[in-house]
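In: here is a sequence with its predicted model. Questions after.
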Amino acid sequence: MNERVQPVYLEEKLEEIRADGHLEYRSKSLPTWCPGCGYFSMVEGLTTALKRLEIDSKDTVVVSGIGCASRFPFFVNTYGFHTLHGRVLPVATGVKIGNDALTVVAVGGDGDAFAIGGGHIPHAARRNVNLTYLVFDNGIYGLTKGQTSPTSALGFKTSSTPYENRDAPLHPLMMLLSYGASWVGQAYAGRQHHLADMITQAVSHQGFSFLRVLSPCVTFDKTNNTYANLNTTVRDLPDDHDNSNLMAAMNQASRDDHPALGLYYKEDRETLEQVMKATASRSVKTGTGRADKQ
Amino acid sequence: MARGGQDEKSQSEVHFSTDPRDFGWVRENVPCQTACPAGTDIPAYIWAIMEGDRGLSYEINREANVLPGVLGRICSAPCENQCRHGWPGNGEPVSICHLKRAAADLKDRGHRLNESLYGPSGKTVAIVGSGPAGVAAAHDLSLMGHEVTLFEREKEAGGMLNYGIPEFRLPRDVLREEVHNALRLGVNLKTGVEIGNGAGQTPLSELRETFDAVLLATGCTAATELPLRADVNGGPVEELANVEYGFDFLLAMHRGKKQSVGRHVAVVGAGFTALDCARVARRLGAEEVTIHLRTTEEYIPVSKHEILEAKGENVSLLGLRTPVALQGDDQGALTAVEFIQNRLGGWRENGRRKAIAIDASEFTFECDTLLVAIGQRTDHEFLDAPVKLDRWKNAEIDETGMTSLSGVFAAGDYVKGASTVIEAVGQGREVAKNIDTWLIGKPRYQQSVRIEQVTAPLRQRAHDFIPRNHMPTEGIEERSGDLELEVDKGYNGDLAYDEAKRCYLCNLNYRIDVDNCIYCRACIEVAPKNCIKMVEGIAINEDGTYGELLETGEWDQVGAIWIDNNECIRCGACFNVCPTKCITITRNQLVSREYKE
Amino acid sequence: MTTTPHYVIIGSGSAGFGAAKTLRTGDADCRITMVTMDSLPFYNRYNLPQVFHGRHDWRDLMDVPPAQYAELGIELRRRSRVVDVDGAQRFVSLAHQEHVAYDRLLVCAGGRGYLPENLTEYFGLMHGFGSFEAAMRLHKDLPKGGTAIMIGGDMTGIDLAMTLLETGYNVTLITTSQTFWPHRVTTQERDRLLAALEAAGMKVLKDTRAVGVSRENSGKPAACVTLEDGTEVRGDVVMPFCGLASSVEFMLRADVDIERGLLVTPELHTSNETIWAAGDVCQIWHDQEKAYKFFHGWKNVRVMGELAARNMLGANEIFDVNIEDRIDVDADGKISSTFWIH
Amino acid sequence: MIKSNDTDIQIAICGSAGDGTIASGDIMKRAAAAMGFNVIAFDVYPPEIRGFGKCISRIRISSKQTYSLKQESDVLVSLNDSHAIPHAAEVRDFGVVIYDDNLVARVAEGGHISAHIDAAQIPYGFSIRQISEQATNSSRSRNVVILGCLAGLFDLSAENFHDIIAKKFATKAQSVIDDNTKAFDAGLKAGRTVFRLDDIKVRAGKIKSNGAEAVMMTGNGAVVRGFLESEIESYFGYPITPATSIMERLAVEMPPRGGKFLQTEDEISAIAATIGAAYTGSRAATATSGPGLALMAEMIGLGVMAEVPSVVVVSQRGGPSTGLPTKTEQSDLNLAVFGGSGDAQRIVLAPTNVEGCYRCAGMAFDIAEIYQTPVILLIDLYLSNRYETVVPADAGTYTPKPRPQINLEGGENYKRFEMTKNHISPRALPGQPGLMYTATGLEHNEQGRPNDDAHMDMSIKRHEKLKGAVHYPGLNVSKRFGDKGKVDVGILGWGSTFGEILETMYQAQAEGISCSAMKVVMLSPLPLQSIEDFFDDCREVLIPELNYEGQFAGLVCGALGRPVTRLSRATGSPMVVREILDEVRRLSGREPAPVQAVGAMGARS
């Protein structure tokens, strides 16, 4: 039976949604993004994930940089830190080291992440800081009103590339895979159920988890990352994809004409916090230090 | 009627619901259909006109009302008073009635009627009276396979349509064609046959013996008496020359009598009959024609269009007065009517106003002809086995339409007293179903809500700004003295299409699939009305239908973004903008389906 | 808990403004909101003919300076159309989707010029005179020394016509049953009055009827009225002056009685406990005549506004319906009317 | 200044982000300029692109020269009542408020602007949204409808608007132009049917010019024009409010001229690439705001040290940090003049109006090349985004001077940093044979080789060479206005604030106060002599500026050691003429000092 013609009864639906509980993770204030913005999906996704994992709001910190995505902490009912452009990962790392009982979620757009902040990602990834980095990738600069971003498509005309963008876009997933991120996934704002599942997995992962979320900018991108285009181009990772196989992951990640959604790669590795703890305990055991030198 | 049977769509694209909330939705959201006593699926037939299929439009009308061409001319159009386009801030109602006529007039010459015929049942039904209720019932019962005989005392079928309404409002060829089409599938029409006790008449008891069921649809055949101060039964009306009951006046005229009136004609009454009398009087040469109302023209049960046309013909409407006495000269000819001044009182249940006489406020109004058209009543003299009457002296019926005599049903004005043609048609259909159920021992149909997906909005916002298209009419000069020339000329194809575009198509249900909604408010931004809301709940009425949406502005309370279909004008802007395509449009229609246990 | 009452007044004519001032005098603390379709604050409508004497700045016609509204604490809602009044829930809906709640409501929305049914389709081709804007448009469209064709000629129209004649224009009057409205004149009186108008220089067309209006874009004069015998009357502008029709559409859901106007008791109270009415919008019960009657004219309207306000504040005064209704011509042929008494 | 039969109206258009408020203001001001009016316009908008922030576009249209916006607007147009309501009070008596009188969503009592219009103001309600929907099937053109309403009300020619709409949307689909034109025409029709009650007069505009057609520009647009006329060759930029539009315009304009344009990944790389390109002799520039300047400070120091000419446009906004990203402020003076590591004096030019932006930008490369150092063009958001009508310079004014002709013998004797009489050394460009040298941030000797011992001498050279810039021909590094000779009060100002200062001065003169004003365009090095002369002539010197610390006053006091009165304002908004005037009155002694909350910096220092 076609579900479009099935009647839906509002009070039953509302009961279902309230019982689900994720609304409690929203703040009181309505998001100020452009109506239609893909980032709305992210609020749904993260709040659903936190509820599912039963992570207490007070133990969660959401850190953001600059850009449209940076408003995110204002719309969720958690601790938030709205920092400087591109410097989200260093701040988030500091938060995590300060108190590793916290669940730390760093959020940012593609500009914040891969342009000015590009220098920070490899280091957060290889250190395997136990935090989740959600990159809302819309392939455009929204807050500065529509210039190309590192993930803008070739041929994209923006206010800064009036004669077409000729800079090849980055491959964030391949970058992150090669940077050594221990959890790399991809989701799409137009499929918020899947998105919520992926955020749930990413947050529950022990280590640096990187989730790229394809998210249309409805105001400045009418040609590339639109809902209409993405709806037809995205695919699921094959059922038999082995997410412990880095090369298989690279192979899937390289096919950006039909971006695949799902978990590309996952490995269990010591986190920065674990390394710090281990180093601390090793230093006690080996007794290296001042006494030695004397 | 049973459209489900002809449905070409596969089962997966159509859903049938019997949930009270879905019935409630249709009732609330398709106000025109709810207001129509025959339950005409108005948005569906207007949409057919927009799609260029006037034949289909005619057929959709015919499912509810077997005389669309007739009703398209003379219907009181209660639907238009409820039309969402006429709600505050939305503009003027859609000319639903004129479109009905357009479908009838403009369909192909070779249009093929669509009739779903059941096999013979072996049962016989007699129907007394071939007015709108009788014709509607006869048509339906014959389709259900019963052998129907329709008795009519006049020379021609049609009842009041033929003998009460002037030809300048309803050309007889239109009436004859549609009555003929209604009856030709096996109805045995017997005209000139009077049921009654008199000589040469057939008594009711004989019909009861001969037929399995009898339906009385004789309408209101007697004029309501004018209650005057001297004689509340209207005695003086009979005593003075140039005073006549409007009903009798029109009936006699349509039976062939050449009528005449004086120079100053007064009409009392507030219905179509009063207006018709006045307009006939103008055509018969009266210099001054006045209609006298107990309340004011704001509250009388006739369409604004008819009032405007009457005024155009220089008929004046004078309000807040009740006749209390007639004055005559020595020769017994009327010279004046004495009225008492009224003021408006409270509301009556039918939505009209009470008139309260003001003490000692009598005044006289000079005139030389008075036509009394304050209503008609039923007559039961003709029955040899009396039926039980209610307190208004109308036949009392049970919920199936059966009178106190077993197997004798009643419908139309005969039951309700004088009302509108569309009400009579609606009742004729309803009683036909009940007679059928009684005859075959089980219901044949059941109501459900047919829900069908519509893949794109069918309208544009710009259509909402088209002004209501007025009915082209004959010039005042041309009408003068002509009792037959039809005043309304009807829409041409362009006008009909233009007017059809104005319909909001209220049977479209815009719904947000909450599961797929990302609460991004793109829809709210483009909404032309306050029609999309952030809600935390909804009130539920006692009958299980929905009440008001409970709105909220707090993000953590926003359970759903929901379209308030009552405010929605079906412009489609939200559907077009939704990023996750989570807005579904369905066409929700009331349908009768084959009854299943 | 007691709060100060909120009085809402619909209409800013002399009834409305008089009422507002009276309310303020009677209750220094109450809240007063005045809703009006006009874009101007209160001005003296009956002075509009003065436009033809050169008073072209609307500030000249102001009765009080704008600052006085703030001093009187009157909240003004101009260019605001009332679309509905909910008499049960006690709020006024404005076209711009705002609900204004009231404790007590005074309706003095006045009336709009009535147009004979057969001329409604020519509405767009005619000039009105109901507002300052309309008066200025007329002034603009009527060339110096030009001709205005008046259909009807109610007392407002006659007033304007006299001013036009004084200031060097021509007036052609096509009489109707509404000529000299709201005065009821006998055939004799009527002839005498019309003769006085003709003596004052007006061209009067009796015993005929206007059936059409047309405008030409080229060539002057621009306007043309067709009479029922087919003859044409030419002028620069056409103006209907056929009396007033009350503006009551927005009161249909207010739970008040309506005939042609709002029906009120001699205390100017409608059938709704919290709603009063004053001015051209209401019909007042006339106990001797046993009918609801309109009482037009500047003086009546002003008296009504103030009286209604006092009654809203708790008084129980009665409007004296026995007022003089007189129109006369003196020896010099000058017309005087109780309608014109300010 | 303004006579009653001149046109001088100020229109404020207020709406929510996403309503098209700014776009609407843009069309209005460009159309007004095309009609021949002097236009000064300034937009205020929130950091959010859409959502609920307030945008307001104020446009002063005048047939005479004006210097700043007026405090009171003559017309307020509301595209969003909740934002516009607080601005209703900004409309003068008998001014006009235009709004939508047929809303869609229910508003709370008092939530509609008609409830807030004073009796002395004139309300004009239109069904703005419906007009848009009727004309274009969409509500999106409300912002253009109101332009039509304005044009209709004030009887402006539709032609100019049609023209500007076509130009503005030239890169969009034809249907966009058509729809906007339809929306405008529908609004025009509505506006024309309204009978006007206000006393606003719009007469024909008439700009006197040198024969060239006056054009409408923003400060940023003027910078771009100046750059292009002086043949900019390379540009590296990174978007930041309020400098972004310089980059966007150059992105359009440079490629066809053979220029090199690149949006870099951050300001650090932008200035690095600029200096890299300049090293090769290319005319290179970048533009940023305070935060970007802070990132660039280190690299600018390198430019000073390595004596590489470059041009950095800095458009200030509220700070520090992100501060007030869409508000104006003059608080990066210290950073521009002093920012960086070590003694690293550079040339800082601060034009005071749009025309000044154009002329300074036109001369910046010449100056940078002559003095072989970074030149900072210090403007602010109020100047970047404000529109004025500018009469372009005669063709050829900014044609680059011939590059330094280096008739040098090649070989061992070439000294890139040679000590000369005017301290300017012969600069070789890569590609020139035999003159190879190393540009470096390490202290170096005349040959450019690392040498700590040369630091004192080289510091003298790098600072002394700039002193000549004060006398750069054609550049008004400072200019005095108003009364000549001794005066009671002198107002000293810089940058965008000088418009308000001039308006104040003319008003003060009209009140009979003996008063003059001086602008200082070159902030580094300071034209000390003329400033000193000004101090000598003025009994009191007042310095109004848009920052909390009084950075310019500090700069002047530090250099001259003379007392000044500061009027320091950090509200994020332009200076208020009224406040300056009160201070001038107080200083003139004509009126008792009004009690003024001028803050800690308001006291005489």
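Out: Received, thanks.

In: tell me the SS of the residue of the stretch 201-350 of chain B at minimum distance from chain C?
Out: In the stretch 201-350 of chain B, no residue comes nearer to chain C than residue B:344, which is 4.7 Å away by CB to the nearest CB. Every C-beta, even on glycine, is put in place using the N, C-alpha and C of the backbone. At residue B:344 the chain is in strand, as set by DSSP: H, G, I helix; E, B strand; the rest coil.

In: backbone dihedrals for the closest residue to residue D:435 other than its chain neighbours, please?
Out: Once flanking residues are discounted, residue D:435 sits nearest to residue D:428: 3.5 Å by CB to CB, 6 or more residues apart in numbering or on different chains. Geometry field for residue D:428 lists phi and psi as phi -100, psi 150, criterion degrees, to the nearest 10.

In: again, but for residue D:288
Out: The phi and psi torsions at residue D:288 (degrees, to the nearest 10) take the values phi -160, psi -170.

In: was I right about it contacting residue D:317?
Out: No. Checked against CB atoms under 8 Å, the pair residue D:288 and residue D:317 is beyond contact range at 10.7 Å.

In: ok, back up a step: the residue of the stretch 201-350 of chain B closest to chain C - nearest residue in space that isn't next to it in sequence?
Out: Nearest residue to residue B:344 in three dimensions, chain neighbours excluded: residue C:257, at 4.7 Å (CB to CB, 6+ apart).

In: domain-wise, how is chain C divided?
Out: Annotated domains of chain C cover C:6-112+C:245-312, C:115-242 [automatic domain parsing].

In: wait, which of those is closest to residue D:103?
Out: Within the domains of chain C, the stretch nearest residue D:103 is domain C:6-112+C:245-312; the backing value is 4.3 Å (CB to CB).

In: end to end on the closest one, go ahead and measure it.
Out: This stretch, domain C:6-112+C:245-312, spans 11 Å end to end (CA to CA, to the nearest Å).

In: which residue ranges form the helices in the stretch 1-150 of chain C?
Out: For the stretch 1-150 of chain C, applying DSSP state H, counting those that start in this stretch gives helices covering C:14-26, C:58-61, C:67-72, C:132-141.

In: hmm, the helix or strand where residue D:99 lies in reach of chain B?
Out: Assessed by DSSP states H and E, residue D:99 sits inside strand D:91-100. No. Strand D:91-100 lies out of reach of chain B by CB under 8 Å from any CB of the partner chain, never closer than 12.6 Å.

In: show me what counts as buried in that strand.
Out: Buried residues in strand D:91-100, defined by neighbour count with 16 or more other CB atoms under 10 Å in any protein chain shown: D:91-92, D:94-100.

In: out of these, flag the one nearest to chain A.
Out: Using CB to the nearest CB, residue D:100 is the member of the buried residues of strand D:91-100 that lies nearest chain A, at 19.2 Å.

In: on the pLDDT front, check that closest one for me.
Out: Listed pLDDT for residue D:100 reads 94.

In: then the one 3 residues further on?
Out: Residue-level confidence at residue D:103 comes out at 88, pLDDT.

In: doesn't residue C:265 make contact with the residue nearest to residue B:344?
Out: No. In this structure, residue C:257 is not within contact of residue C:265 by CB under 8 Å, at 10.5 Å.

In: now the helices: where do they sit in the stretch 151-294 of chain A?
Out: Secondary structure of the stretch 151-294 of chain A (DSSP H, counting those that start in this stretch): helices at A:172-179, A:192-204, A:227-233, A:246-253, A:272-286, A:290-293.

In: whoops, the stretch 401-550 of chain B was the one
Out: Along the stretch 401-550 of chain B, the stretches classed as helices by DSSP H, counting those that start in this stretch are B:413-416, B:421-440, B:476-479, B:493-501, B:522-526.

In: out of those helices, nearest to chain D?
Out: Proximity to chain D (CB to the nearest CB) singles out helix B:522-526 among the helices of the stretch 401-550 of chain B, at 6.9 Å.

In: which residues sit against that closest one?
Out: Contacting residues not belonging to helix B:522-526 are listed as A:35-36, A:218, B:512, B:532-534, B:561, B:563, B:573-574, B:576-579, B:583, D:18, D:138-139 [CB atoms under 8 Å, 6 or more residues apart in numbering or on different chains].

In: and these, which are buried?
Out: If we count by 16+ other CB under 10 Å, these have these buried: A:35-36, A:218, B:512, B:532-534, B:561, B:563, B:573-574, B:577-579, B:583, D:18, D:138-139.

In: that's a strand at residue B:125, yeah?
Out: Yes. Assessed with three-state DSSP, residue B:125 lies in a strand.

In: ok, it touching residue B:141?
Out: Yes. If you go by CB under 8 Å, residue B:125 and residue B:141 touch, sitting 5.3 Å apart.

In: name the residues contacting each of those two.
Out: Contact criterion CB under 8 Å, 6+ apart; residues shared by residue B:125 and residue B:141: B:148, B:435.
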